[in-house]
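Participant: sequence first, predicted coordinates after that:
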Amino acid sequence: MDVRRLRSGEIVAGIGAASLAIVMFLDWFGGRSAWETLTIGRVLLVVTIGLAATLVVLTLRMRAVSMATSAATVTIGVGALALLYLLYRVGIDEPGPNGLVSIDAGAYIGVACVLAIIGGAWRTLDDERTDAPASLRQTERVLAVRGAPRSPPPERDPARDAPRRG
């Protein structure tokens, strides 16, 4: 594993995932945690954390760029669903009677963590870094598997290749 391979996007997504894993057990709604109050939401949040961690691990393990790109794309999609769900639960329909349940700071921090995960995954897709030494080595390995380049085909004489009538 090479920590130098981590780019700003993976770092932001990883910090967002680690923070969200901790924040889920803080007070979100009326002194209760997200783990206690959000039934569908906790599944979305755990899947989002897992996908962000997968993105970081794939980058660290020096897998093909396409695997990290795929993980970032799926992370953005699931993270967007989790964000929409949280915005609905925090902004519109908090669990329990509206007059009796307060929205605690953990809920707002949780929304910020999901935003960090989505932003980090988006940044990962934007940062190609084709001139990095690791990218150049990977390109050279791919080209070495293909073998030596083939010579171009010989030039054709159009007069000789014309169909004969006979």
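Facilitator: Okay, I see it. In this text, all values refer to a predicted model and were calculated from it rather than measured experimentally.
Participant: CA only for contacts and neighbour counts going forward, please
Facilitator: Fine.
Participant: residue contacts, the residue positioned nearest the centre of the chain?
Facilitator: Geometric centre of the chain, nearest residue: residue 72, 2.2 Å, by Cα atoms, centre = their mean. Contacts for residue 72 (Cα atoms under 8 Å, 6 or more residues apart in numbering) come out as 51, 52, 55, 121, 122, 124, 125.
Participant: likewise residue 106?
Facilitator: 23, 24, 26, 27, 28, 33.
Participant: tell me the buried residues in the helix or strand harbouring it?
Facilitator: For residue 106, the host element (DSSP states H and E) is helix 105-126. Buried residues in helix 105-126, counting neighbours by 16 or more other Cα atoms under 10 Å, are found at 106-125.
Participant: may I have that helix exported as PDB, CA atoms only?
Facilitator: Provided in PDB are the C-alpha atoms of helix 105-126 (Å, rounded to 0.1, in the frame of the first residue of the first chain):
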ATOM      1  CA  ALA A 105     -26.100  19.100  16.300                       C
ATOM      2  CA  GLY A 106     -25.300  15.500  15.400                       C
ATOM      3  CA  ALA A 107     -27.900  15.600  12.600                       C
ATOM      4  CA  TYR A 108     -26.300  18.700  11.000                       C
ATOM      5  CA  ILE A 109     -22.800  17.300  11.400                       C
ATOM      6  CA  GLY A 110     -24.100  14.000   9.800                       C
ATOM      7  CA  VAL A 111     -25.400  15.900   6.800                       C
ATOM      8  CA  ALA A 112     -22.000  17.700   6.400                       C
ATOM      9  CA  CYS A 113     -20.200  14.300   6.600                       C
ATOM     10  CA  VAL A 114     -22.400  12.900   3.800                       C
ATOM     11  CA  LEU A 115     -21.700  16.100   1.700                       C
ATOM     12  CA  ALA A 116     -17.900  15.500   2.300                       C
ATOM     13  CA  ILE A 117     -18.200  11.900   1.100                       C
ATOM     14  CA  ILE A 118     -20.000  13.000  -2.100                       C
ATOM     15  CA  GLY A 119     -17.600  15.900  -2.700                       C
ATOM     16  CA  GLY A 120     -14.600  13.700  -2.200                       C
ATOM     17  CA  ALA A 121     -15.900  11.100  -4.600                       C
ATOM     18  CA  TRP A 122     -16.700  13.800  -7.100                       C
ATOM     19  CA  ARG A 123     -13.200  15.200  -6.700                       C
ATOM     20  CA  THR A 124     -11.700  11.700  -7.300                       C
ATOM     21  CA  LEU A 125     -13.500  11.500 -10.600                       C
ATOM     22  CA  ASP A 126     -12.200  15.000 -11.600                       C
END
